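Enquirer: No letters, just coordinates:
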């Protein structure tokens with residue numbers, strides 16, 4: 001059986017996206033980089049706090065917010081959708097903390113209860129008001145990265161800045177970098193030891209809610225391009241890959257940004273070659289980078305460790321000479 005894989009053409013896959021099709025694919029790569037950077041930097045702190053499921057919760061629970069925003073405004077405009085999704089994300093964050101802090105339910109169970117309930121509520125709303133809620137399921141789940149360059153660009157006077165989604169995500173990514181730099185100590189200490197943070201005068205509760213609030217903004221901003229499913233991978237893959245390569249957080253942050261850039265470029269070419277979802281291709285490329293780091297990282301790489309053991313065994317073997 002032969003797989004229906006398109007033939008590989010250097011002109012179509014490698015050259016054209018950077019020449020004749022640059023006005024389209026340039027924005028796509030830039031959007032992928034912005035999403036990977038913003039999600040990855042925030043995701044590092046989720047990994048440190050063992051809260052990787054939080055991004056999954058927020059990305060799924062925005063569905064009722066989208067449905068209610070459409071019912072209230074009758075419009076699929078990005079402004080109404082953004083506000084509806086952001087409100088749902090904030091409600092999710094607060095509800096998870098309330099369930100966790102005011103019951104014996106552990107945090108992972110609270111996350112599962114809240115996000116599955118809100119996601120189900122969104123499904124019910126869309127089912128009941130199917131004739132009024134015009135939402136594309138593929139767009140909600142997988143995003144529409146290939147279409148971000150279609151809306152009229154934002155302009156200031158005669159200066160054309162770019163597509164609205166890219167500009168918005170660029171602002172969010174830039175603010176994410178600035179917030180990480182400004183609150184680096186507070187985020188780091190509170191992620192490892194809340195008691196130490198309190199002794200240093202750091203209000204770990206405020207830091208936690210601030211991080212969750214910004215996570216909501218990042219997820220909702222990325223939602224339009226990568227959807228509810230793939231944004232979870234964008235939150236975890238860059239940081240998880242970087243943490244395999246380095247053990248120092250500043251270097252991990254830099255490697256996270258590098259991962260976002262490489263996966264955006266490789267994913268774009270993979271998506272063009274296979275004629276598939278560009279967001280999905282970027283995640284697959286990022287997963288490929290993770291596998292390489294898992295196998296070859298200098299600390300605990302699977303193959304690296306085996307090579308070291310083999311070399312050590314060779315050194316211990318007797319030479320047989322008198």
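Expert: It's in. Model, not experiment: these values are computed from the prediction.
Enquirer: Mind checking what helix or strand follows the least confident helix or strand in the chain by mean pLDDT in sequence?
Expert: The helix or strand of the chain with the poorest confidence is helix 137-142; it has a mean of 57 (mean pLDDT, DSSP states H and E). Towards the C-terminus, the helix or strand next in line after helix 137-142, according to DSSP states H and E, is strand 154-156.
Enquirer: continuing past that next one, what's the next helix or strand?
Expert: Sequence order places strand 159-162 as the next helix or strand after strand 154-156, per DSSP H and E.
Enquirer: Can you spell out which helices and strands pack onto that following strand?
Expert: In terms of contact count using 3 or more CB pairs under 8 Å, 6 or more residues apart in numbering; DSSP states H and E, strand 159-162 is assigned the packing partners strand 154-156. From N, CA and C alone the C-beta is placed, and that goes for glycine too.
Enquirer: can you map out the helices along this protein?
Expert: For the chain, helices defined by DSSP state H occupy the ranges 10, 22-48, 52-73, 78-101, 107-128, 137-142, 164-182, 184-192, 194-199, 204-245, 249-274, 278-296, 302-316.
Enquirer: Give me the most central residue, this protein.
Expert: With distances taken as CA atoms, centre = their mean, the residue of the chain nearest its centroid is residue 234 (2.5 Å).
Enquirer: Double-check that one against residue 287; I have them as touching.
Expert: No: between residue 234 and residue 287 no contact is recorded; they are 11.2 Å apart, counting by CB atoms under 8 Å.
Enquirer: low pLDDT regions in the stretch 51-200 of the chain?
Expert: Flagging of the stretch 51-200 of the chain using pLDDT under 70 yields the residue ranges 75-78, 130-143.
Enquirer: let's see 90
Expert: In the predicted model of the stretch 51-200 of the chain, residues 51-168, 185-200 satisfy pLDDT under 90.
Enquirer: For residue 111, give me its contacts.
Expert: Counting by CB atoms under 8 Å, 6 or more residues apart in numbering, residue 111 makes contact with 53-54, 56-57, 96.
Enquirer: burial count for residue 72?
Expert: Summarising burial for residue 72: neighbours were counted as other CB atoms under 10 Å, giving 11.
Enquirer: any idea how far residue 80 is from it?
Expert: Applying CB to CB, to the nearest Å, the value for residue 72 to residue 80 is 8 Å.
Enquirer: ok, back up a step: now, the most widely separated pair of the contacts of residue 111?
Expert: Put simply, by CB to CB the two of the contacts of residue 111 set farthest apart are 56 and 96, 11.6 Å from each other.
Enquirer: anything in contact with each of these two?
Expert: With the criterion set as CB under 8 Å, 6+ apart, the overlap between the contacts of residue 56 and residue 96 is 111, 115.
Enquirer: These two: who's more crowded?
Expert: The residue with more neighbours, out of residue 56 and residue 96, is residue 96; 26 against 20, by other CB under 10 Å.
Enquirer: give the contact list for the more buried one.
Expert: Applying CB under 8 Å, 6+ apart to residue 96 gives the contacts 54, 57, 107, 110-111, 114-115.
Enquirer: circling back: which one of the helices of the chain lies nearest to residue 149?
Expert: It is, among the helices of the chain and with distance given as CB to CB, helix 22-48, at 4.4 Å.
Enquirer: What is the closest one packed up against?
Expert: helix 52-73, helix 164-182, helix 184-192, helix 204-245, helix 249-274, helix 278-296.
Enquirer: TSV for those helices, including distance to residue 306?
Expert: Converted to TSV, the helices and strands packed on helix 22-48 look like this (distance: least, CB to CB, whole Å):
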stretch	distance to residue 306
helix 52-73	28
helix 164-182	36
helix 184-192	32
helix 204-245	16
helix 249-274	24
helix 278-296	10
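Enquirer: which stretch among the ones you listed comes nearest residue 88?
Expert: Counting by CB to CB, residue 88 lies closest to helix 52-73 out of the helices and strands packed on helix 22-48; the figure is 2.7 Å.
Enquirer: Report pLDDT for the nearest residue to residue 56 once chain neighbours are set aside.
Expert: Spatial nearest neighbour of residue 56, chain neighbours left out: residue 232 (4.7 Å); criterion: CB to CB, 6 or more residues apart in numbering. Reported pLDDT at residue 232 in the predicted model: 82.
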